[in-house]
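Visitor: Need coordinates for the following:
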Amino acid sequence: MSSDDPLNPSGWRNVIAAACLVICLGGAIVQGAIGADAGAVVAVLFFGIYLALSFRFIARVGWVLLGFSFVVALLALVNGVGGDIYVEAAGRVVFLSALLTAVAFLRIAATSDRVVEVAGEFLTQQPPTRRYASLGVGGHLFGVLLNLGGLGVMLEVIMKGLRAHRHEMDDFVYAARKRRMVSACMRGFSTVAFWTPFGVALNLLILTIPGLEWWHLAPYGLSLAGFLFLLGWLFDTVKWRRPPSARGRAADLTGDLPGWSRWAVLIVAGHIFLLGASVMTLDKATPFSFQTVLIFIVPIYATLWAVLRGGIGGVASMSRRFIAQSPGYATEMSVIASAGFVGLVALEVVPVEWIADHLGWIAARPVLTVLMLVVTVFLTGLAGVHPMISVVLLADVVSRVGVEGLSPLALGLALAGGWSGIICIGPAITAVVYASAIVKESPVTIGFHWNGAYGLASIFVVALVVGGGVALGLL
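Guide: Numbering: from 1, shown residues only. Predicted coordinates for the structure are as follows:
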């Protein structure tokens, strides 16, 4: 079930589930502010209660990762892993659940605003010559603001527009437009891994790689995202040199939009800029970590957004929706928290030192290391291993080897590049499975057939850019 599906807002399970998530959010803030590890241990117990209450809404992928987490925990116990590792893992689980909870408030505030809906419709209804650019930008902007929920919003708007004009299109035109529009949206969404401070990818990289900071990585990440946007546009241009509408087979998509619709996109972009600037300013002005500032600011911003939109009633409405939808977040919560737990505890089970010893030959080969990192994250993602797990393991191995000439920035960009490359391709990756349910196409079709060539080209570009930057001493 999607996290936006309506549930019973007054049911006791919903109320307790919502309370558990809020406690995790508060526990993560307290832990980050005063370093109280006991708070994380207590909060993770409430996270367990949340999963128990919401078990009906956990999809298969969530159960698989939860089971894998249980096996890793047992192996760690058998190997005599110390309690400090479990405390650290509890802190990571609590932070990741808090991040998703904070973003859930932001998602509710945004999707309750008519401006956001109009922005999505405006981007979808652009003519073929501008459609890839508009939907790629839309997938990216909505992904930054709403994470996976943003992808869902854009895809729902796309399918709504296509269904409304289905009678004007033959089967070929309908299939071609769906493929082109969905691919553009997903490719735009995939590049948020490079820089957005509100997503899991970059936060996990910052948690894992010593010395990596968001304000340093973001400009380079945005530049790489721009490169990949142009790459996707090139693939689309070559594939659809003469789109169906240009052949006289169908008219452009149209809709009844208000006169201010073109400004709606700028307003959405303004929200992203203002929220990002707020986080960055407070991060610089306080001694607290970037992650602590982030999960503190985002719910406050969402609340202020709700107040501006509907006053006190807007806050009450947001609270009711959060309670109603809380169990529906169970799949996202279980996947992200499990991957974070496994990524950390598995380091005590997997023979990392042995691997590092046998990879000592890469210590003097930073460019080759970049290539290996990008390709490994990509290939393991194709095999069904979530990037959250592979990124943590690879970052730790490389850190232990100590690759000369490979900076935290270059390491972060390489891992983010592999992550971005697999997000719109891997048939077992959450985003592809999520999109499959909305557009009614198989994950293999969306991943391999629609985006396979682009994905392979994207990791080549990332390896070339980051590896070249390392070779030239620019990264």
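
Visitor: hey, let's count contacts and neighbours off CA atoms from now on
Guide: OK.

Visitor: Please give me every residue in contact with the closest residue to Ala471 other than its chain neighbours.
Guide: The shortest distance from Ala471 to any non-neighbouring residue, by CA to CA, 6 or more residues apart in numbering, is to Val367 (6.3 Å). Counting by CA atoms under 8 Å, 6 or more residues apart in numbering, Val367 touches Gly467, Gly468, Val470, Ala471.

Visitor: If you go by neighbour count, which of the residues you listed are buried?
Guide: Gly467, Val470, Ala471 (16 or more other CA atoms under 10 Å).

Visitor: Go ahead and confirm the first one touches Val374.
Guide: No: between Gly467 and Val374 no contact is recorded; they are 10.1 Å apart, counting by CA atoms under 8 Å.

Visitor: my read: Leu475 touches Val466, true?
Guide: Yes: look at Leu475 against Val466 with CA under 8 Å: they come within range, at 7.5 Å.

Visitor: Overlap of the contact sets of the two?
Guide: Ala410.

Visitor: So which of these two has more stuff around it?
Guide: Here Leu475 and Val466 are compared on neighbour count by other CA atoms under 10 Å; more neighbours surround Val466, at 26 against 19.

Visitor: contacting residues around the more buried one?
Guide: Neighbours of Val466 in contact, by CA under 8 Å, 6+ apart: Val370, Ala410, Leu413, Ala414, Leu475.

Visitor: any idea which helix or strand comes after the helix or strand of the chain with the lowest mean pLDDT?
Guide: One helix or strand of the chain scores below all others by mean pLDDT, DSSP states H and E: helix 352-358, with a mean of 69. Along the chain past helix 352-358, the next helix or strand (assigned with DSSP states H and E) turns out to be helix 366-382.

Visitor: Same question for that following helix: list its buried residues.
Guide: Across helix 366-382, burial judged by 16+ other CA under 10 Å covers 366-367, 369-382.

Visitor: just stretch 195-214 next, same as before
Guide: Buried, per 16+ other CA under 10 Å, within stretch 195-214: 195-206, 208-209, 212-214.

Visitor: Repeat that for stretch 315-322.
Guide: Val315, Ser317, Met318, Ser319, Arg320, Arg321, Phe322.

Visitor: Stretch 269-277 now?
Guide: Ala269, His271, Ile272, Leu275, Gly276.

Visitor: any idea of the mean pLDDT in it?
Guide: On average, the pLDDT along stretch 269-277 is 86.

Visitor: Distance from the chain centre to that stretch, please.
Guide: 17 Å (CA atoms, centre = their mean, to the nearest Å).

Visitor: Output that stretch in CSV, but only the C-alpha positions, please.
Guide: Provided in CSV are the C-alpha atoms of stretch 269-277 (Å, rounded to 0.1, in the frame of the first residue of the first chain):
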residue,chain,number,x,y,z
ALA,A,269,11.8,25.3,-6.5
GLY,A,270,11.6,28.2,-4.1
HIS,A,271,10.5,25.9,-1.3
ILE,A,272,13.5,23.6,-2.0
PHE,A,273,15.9,26.5,-2.0
LEU,A,274,14.5,28.1,1.2
LEU,A,275,14.5,24.8,3.1
GLY,A,276,18.0,23.9,1.9
ALA,A,277,19.3,27.4,2.8
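
Visitor: contacting residues around it?
Guide: Contacts of stretch 269-277 (CA under 8 Å, 6+ apart): Leu141, Val144, Leu145, Pro197, Val298, Tyr301.

Visitor: where does the host helix or strand of the first one sit relative to the chain's centre, distance-wise?
Guide: To tie it back to what came earlier, the one meant is Leu141. Secondary structure from DSSP H and E places Leu141 in helix 128-146. Centroid separation for helix 128-146 versus its chain: 15 Å, with CA atoms, centre = their mean.

Visitor: just to revisit the earlier point, the buried residues of stretch 195-214 in helices, which ones?
Guide: Val200, Ala201, Leu202, Asn203, Leu204, Leu205, Ile206, Thr208, Trp214 (DSSP state H).

Visitor: Report the contact partners of the last one.
Guide: What it means is Trp214. Counting by CA under 8 Å, 6+ apart, Trp214 has contacts Trp195, Pro197, Leu202, Ile206, Phe290.

Visitor: Any chance of CSV for those, columns distance to Ala119 and pLDDT?
Guide: Formatted as CSV, the contacts of Trp214 follow (distance: CA to CA, whole Å; pLDDT from 0 to 100):
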residue, distance to Ala119, pLDDT
Trp195, 22, 89
Pro197, 22, 83
Leu202, 26, 86
Ile206, 31, 88
Phe290, 30, 84
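
Visitor: And these, which is closest to Ala73?
Guide: Ile206 (23.9 Å; CA to CA).

Visitor: where does the closest one sit relative to Ser399, distance-wise?
Guide: Noted for Ile206: a distance of 13 Å to Ser399, by CA to CA, to the nearest Å.

Visitor: give me the low-pLDDT residue ranges for the stretch 251-400 of the chain?
Guide: 251-256, 352-353, 356, 360 (pLDDT under 70).

Visitor: What is the burial count for the nearest residue to Ala428 once chain neighbours are set aside?
Guide: Distance criterion CA to CA, 6+ apart; nearest residue to Ala428, sequence neighbours excluded, is Gly384 at 5.3 Å. Applying other CA under 10 Å, we find 13 residues neighbouring Gly384.

Visitor: No further queries at this time; thank you.
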